[in-house]
Each structure stands twice: as C-alpha cells, then as structure tokens.
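Q: Okay, sequence plus prediction incoming.
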Amino acid sequence: MNEDTDTLIALVSSQLNQQPSVDAILEALVQSNGDPHDAAKLLNDQTKTNSKKRKHDGGLHSWLDKGKSPKVSKKEKPESPSRYSTLSDAFPKPADAGALKPPSNSSKPPSSSSKPPSSKKPVVDLMAILRQPEPPSPKKKPSQAPLTLSSSAMVVDHVPCTLHTSVLPPELASDLFYTMLARSKSWKRNKWWLFDRVVESPHRTSFFARKTDGVTADETWQEAAQFWYNGRPTSPPEVFPPEMETACSIIERVVSDQLRERMRFGLEWGGGFGAGNEDLLWRANVAASNCYEGRNESVGWHSDQMQYLGPYCTIASLSLGTRRNFSLREVIPTHEAETRRAQTFNIPLPHNSLVIMHASCQERFKHSIPPQSSMDLYRPAYPPPASLNIDSDLSITSSTSSSTSTTSIEPSNCRINITFRFYRPDFRPESIPRCKCGVPMILRPDMKQRWRSDGGNNAVESGEGEGDVDEKQERKEQAKGQEKTRKEESEEKKSMAVYTYLNRPDKYWWTCYAGAQNDGKGCTTWQVMDFDGERRGPGIFQVPGARCIG
Ligand SMILES: O=C(O)CCC(=O)C(=O)O
Ligand SMILES: [Fe+2]
C-alpha cells in the first residue's frame, strides 16, 4: 500500500464502527466513486447486516498493514462523526492530507493538489487516481505484525525516537494538564479540502509561540509569528502559559542531553541559541497542542511538514492525561520495496511522558494516534490549580467561589499532547518560496527516495503541476540518450553536485499547498529544495569541527 492511499483509507476508517480489511475499504471507495463518506456508510451498513456473526479484533494498526479479511461486529457509534486526521498543526503539517496524487516517476514530488471542486459531484475512479496496490511479489517479505514498544529500551532499538517517562515534576504535569484542558475548549478542528469536500480533523488543536525566537532576544517574534497555514494566514498564536514555559525549559534540557549522545545530521540547525543558552543543543520556540477527547479522536498517518522546521528536525512531544498509543511506521524507499516490508510500532504513552522524534524520524517514518477500541480514564493525582475555573462538562469541577473552596477530582477521558518545536531562523516565513497561487509552499521529504532508483541521474528540479510534470517527464524519458540541452546538462550537474559533495541522502520538495484550502484549487507548482542556493543554514555541516552524517 502506498503512503498516499493511507489518507483516503484512514478517512474512511475514521468513520467506521468496525475496521474491515484495507481491500474492503478500497472496494467500498471504488463503489462509492471515491467518496469517503459514502464508502464509510456502505461499510457501516454492511457491518450492521453482518454484526451478529462477526467479532471485532481491535485497533487500526491490526488491519492497516495486514489486510486481513473483514472482521466486523456491531459497535457503538464513534463519538465524532466522519473525519480523518491531521493538519493538526498550524505549522509543520502532516504531509498526507495533501498527498492524494502520488508521483509516478522518480523526479516528481508528492503532489499537494486536491481534486478541484465542482458543482456536480464527479465520478471518481478511485483506482485510476490512486496507485493500485502492488501485486504480491515472491521476493517480498511477508508483512509483520505490529509491535508494541513497551519500554524506553525497546523504543531506541526500533525507531528514531526516545521515550522519557515521568519527565516533569508530577505537580507541574498535573497543572499543565488542567491548564491545557481548560484552554482546549476553544481550540479548533482543522479543516481542509479532500477531493471535492471539506474534511475536519478528528481532534482539536491550537498553536503557541514563545516570547522570542530562541535565538535572538527579538520580542517581536511572538507578534510576527502569523504563520501561514494551509495556504492561509493564521490568527496570532497563543503565548506559552507559565506552566508550559516551565515544562519547556525542562524538556529543552532533556532533548539537549539526548542530542549530545547522538550522531547529528548535516542539515540540522547548526546555529546557536542566544546569550545564556550556550549549553543548549536544542530549543523550542513554538508548540502545537492537541486535545483528543475519548477513544475515537485521533490523528491519521502523517509526517510533519518541514517548511519552518527545516530538514532533520527534532520534535519533543509531551503527553498528558489518558494513555494513548503513538504509532510509527517506516516508509520503505522505492528501491527497497521488493525486499522489505514496513512494520507498525505502537508506543503506549502514559501521562507525563515525552517522546522525542529525533532527526530523520520525519524523513523516514509516519506517525499517528489511532482510534482505540478501549481506553483507560486518567485519574489525576492532584486537584486543578485554584486559579483555574474548569467547567464541569470537562469532567472536572472546581469551586473557588467561597472561602472554603472545594475541588473534586474527576477522571478524564482526554489526552493533551504538546509538541515542542524549533522554527528555524533560516526558514522564516519570508524565506519560503511561493507557488503560482502566491501562497508559501510546504516542504516535504522524498520519503520514498525515488531519486535513488534512477541512480541520482534525474535532473528535474522543478515543475508546474501533475499533468505537466508527467508530460515533461515522459518526454525526458523518451529523450534519454539523445542530446541534452545545455540547460538540462547544467541543472543535472548542479543537482548531482548538491547531493554528492555532502553525501546528503535526501531530497526535499517545496510543493503548493493551496489545494488543501482555497476551495480545493491549487496550482501544483513544485521545486526541489536547494539548501545552499536558497541560502539556508548554518547547518551542522557548516560548523567547524562538527561530526555529522551528510
Ligand atoms: O498527539 C500526538 O502525539 C501526535 C500529534 C502530531 O503528530 C502532530 O501534532 O503533528
Ligand atoms: Fe505529527
């Protein structure tokens, strides 16, 4: 199954009462002309019919990789209707939702275009849009069962992440949980275009920026952080509340200690962090926060967009409240697709735990918070801080109106997630290339490393839309061995130089993201990121004496 198909499958999946096989979902999508809502309805109707005979066997990951035969049974309705994932962040955005039309050759970037809307509902041959699942190859290894990584040691062994339990002082973790829970009432579900309709993320989200950028003392950072988001400017971010500031400085030290132990990648941020922070190898200057209420709220498979984070970013993800599974799955590069199968890893994240997604995680792995068939409630060990006025409809009651204030601690079905991130000064909004729609583009890694399949010989560095790219590419393929134009030759040399002289294994694409908003209309412009040509840096490779990969 290719990564882009996941988007649609997960969209259907998030609307299902039971999870059938991937094949069944694809079949339903085809029958429904590619309409995820209709496909979900079809499958749910089938479930009702079959419910007496069949039994459900658990979470998203148990079927997503395996493609088992349908196992369905009658179940309670999901708490929120419809809706697949992500775009949780007003920032590094999951790549999937905009990646509906996968590239068909080695030089084309993952497309960010959605199908333009029309007044009539188009008849969509889904299989014509999505790549067909690859036929089983005799060489291909059988798919592997999901593996639960139940300890920090297991996490390190399998994924480019580290797990840190009890990371904050318990009372601070509790205060931060209550603070964010109270704020989460006003957070929004992200919306974006998928095919011809608007879809909503199945969780609420918000975005925070620190007072300064963490590099200079520039206090205009907060105010200036009006980041573009899905092709639109966002409302100003919230300021880190005091509990979050304290938590952030603890987490910065945990992350920096980890980085001291790790081999760094050349394109990671190689600059400093301002006076007084010389001992820090990592800082956060923004945070995305998510609230998942109940076991059905989720975020689908994605990797975080990099337009402000830059390549090989480090993301520190704090979990508060109910324990949920954090799932990771490697994207197998095209040149290894015949010999290796991806495995899904599940990391149970308890209250007050930190997962650090280290450099290369966004390049190699997708992550998700899948819906769960059951979930333990979180029972806070401390009452809410007296300063907070948390409403009873969030299951927490706090009364401070009289001198003898009473507070009852109620169990909660919410998980709060805070992903602390560092927006790099060399990826400031004003430095982000714009597409033909005039909207800043998004940056995504070539997760499938398609350029390797042609030995790195492909010279195409930019394009203007799916059809055009296909056509140009086809013409280029046909012209192989024939005379190259001088321009092509020099582009090719440049491309090779960029990727060989520093032995950088990855390509990154700037792509139009306007299609996810803007009524589904995007221009599909794309270009390869040229780190040096775009005057990015310093990367670690530019720091004298630094040891790094690439
Ligand atoms: O809730 C989580 O742990 C993951 C959130 C996430 O992936 C995101 O905000 O990009
Ligand atoms: Fe993410």
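A: That came through fine. None of these values were measured; they are calculated from a predicted model. Residues are numbered from 1 along each chain as shown. Ligands and ions are numbered 1, 2, ... in the order given.
Q: What's the biggest helix in the protein, counting residues?
A: Scanning the chain for the longest helix, with DSSP state H as the assignment, gives helix 242-261.
Q: Secondary structure of residue 39: a strand, I assume?
A: No. Counting by DSSP: H, G, I helix; E, B strand; the rest coil, residue 39 is not part of a strand but helix.
Q: quick check, residue 28 in a helix?
A: Yes. Counting by three-state DSSP, residue 28 is found in a helix.
Q: what about the closest residue to it other than its chain neighbours, distance to ligand 1?
A: Computed as C-beta to C-beta, 6 or more residues apart in numbering, the closest residue to residue 28 that is not its neighbour in sequence is residue 39, at 4.0 Å. Bear in mind the C-beta positions are built from the backbone N, C-alpha and C, glycine included. Noted for residue 39: a distance of 25 Å to ligand 1, by C-beta to the nearest ligand atom, to the nearest Å.
Q: just to revisit the earlier point, and the helix or strand following the longest helix of the chain, what does it pack onto?
A: As assigned by DSSP states H and E, the chain's next helix or strand after helix 242-261 is strand 264-265. Secondary-structure packing of strand 264-265 (3 or more C-beta pairs under 8 Å, 6 or more residues apart in numbering; DSSP states H and E): strand 548-549.
Q: got the residues of the stretch 351-500 of the chain near ligand 1?
A: 367, 369, 417, 419 (C-beta under 6 Å from any ligand atom).
Q: Report the contact partners of the second one.
A: Pointing back at residue 369 there. Listed by C-beta atoms under 8 Å, 6 or more residues apart in numbering, the contact partners of residue 369 are 203, 292, 298-299, 324-327, 415, 417.
Q: need the residues you listed in TSV with neighbour count and secondary structure, can you?
A: Below are the contacts of residue 369 laid out as TSV (neighbours: other C-beta atoms under 10 Å; DSSP: H, G, I helix; E, B strand; the rest coil):
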residue	neighbour count	secondary structure
203	26	coil
292	27	strand
298	27	coil
299	28	strand
324	24	strand
325	21	strand
326	25	strand
327	23	strand
415	26	strand
417	25	strand
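Q: before we move on, back to that, which among the residues of the stretch 351-500 of the chain next to ligand 1 gets closest to ligand 1?
A: Among these, residue 417 lies closest to ligand 1 (C-beta to the nearest ligand atom), at 3.4 Å.
Q: and the nearest residue in space to the closest one that is not next to it in sequence, what does it touch?
A: Once flanking residues are discounted, residue 417 sits nearest to residue 290: 4.4 Å by C-beta to C-beta, 6+ apart. Residue 290 makes contacts with 88, 203-205, 299, 416-417, 419, as judged by C-beta under 8 Å, 6+ apart.
Q: Residue 216 is in contact with residue 274, isn't it?
A: Yes. The criterion here is C-beta atoms under 8 Å, and residue 216 meets it with residue 274 at 6.0 Å.
Q: Give the residue from these two that has the larger number of neighbours.
A: More crowded of residue 216 and residue 274, by other C-beta atoms under 10 Å: residue 274, with 16 against 13.
Q: thinking the more buried one is in contact with residue 280, fair?
A: No. Using C-beta under 8 Å, residue 274 is not in contact with residue 280; the gap is 9.2 Å.
Q: Redo the contacts of residue 290 as a markdown table? Include distance to residue 254 and pLDDT.
A: Compiled in a markdown table, the contacts of residue 290 are given as follows (distance: C-beta to C-beta, whole Å; pLDDT from 0 to 100):
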| residue | distance to residue 254 | pLDDT |
| --- | --- | --- |
| 88 | 23 | 32 |
| 203 | 25 | 92 |
| 204 | 27 | 93 |
| 205 | 24 | 92 |
| 299 | 23 | 94 |
| 416 | 18 | 98 |
| 417 | 16 | 98 |
| 419 | 14 | 98 |
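Q: Quick check: the farthest pair among the residues you listed?
A: 204 and 419 (14.4 Å; C-beta to C-beta).
Q: Now flag whichever of the contacts of residue 369 is closest to residue 533.
A: For those, the nearest to residue 533 is residue 299 (34.1 Å; C-beta to C-beta).
Q: before we move on, back to that, and the helix or strand encompassing the residue nearest to residue 417, anywhere near ligand 1?
A: Using DSSP H and E, residue 290 sits within strand 286-293. Yes. Using C-beta under 6 Å from any ligand atom, strand 286-293 reaches ligand 1 at 288, 290.
Q: strands paired with that strand, and their directions?
A: Here strand 286-293 has these sheet partners by DSSP bridges: strand 204-209 (antiparallel), strand 414-421 (antiparallel).
Q: Export these as TSV, with columns for distance to residue 527.
A: Shown next, in TSV, are the strands paired with strand 286-293 (distance: least, C-beta to C-beta, whole Å):
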stretch	distance to residue 527
strand 204-209	27
strand 414-421	24
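Q: For residue 428, which of those strands is the nearest?
A: Among those, strand 204-209 comes nearest to residue 428, with 12.9 Å by C-beta to C-beta.
Q: tilt between that closest one and helix 242-261?
A: Orientation of strand 204-209 against helix 242-261 (axes from the mean of the first three to the mean of the last three C-alpha atoms, to 10 degrees) gives an angle of 80 degrees.
Q: near ligand 1 at all, strand 204-209?
A: No. Using C-beta under 6 Å from any ligand atom, strand 204-209 never reaches ligand 1; the gap is at least 7.0 Å.
Q: Show me the beta-bridge partners of the nearest residue to residue 152 once chain neighbours are set aside.
A: Nearest residue to residue 152, sequence neighbours excluded (C-beta to C-beta, 6+ apart): residue 163, at 4.5 Å. Residue 163 forms beta bridges with residue 355, as assigned by DSSP bridges.
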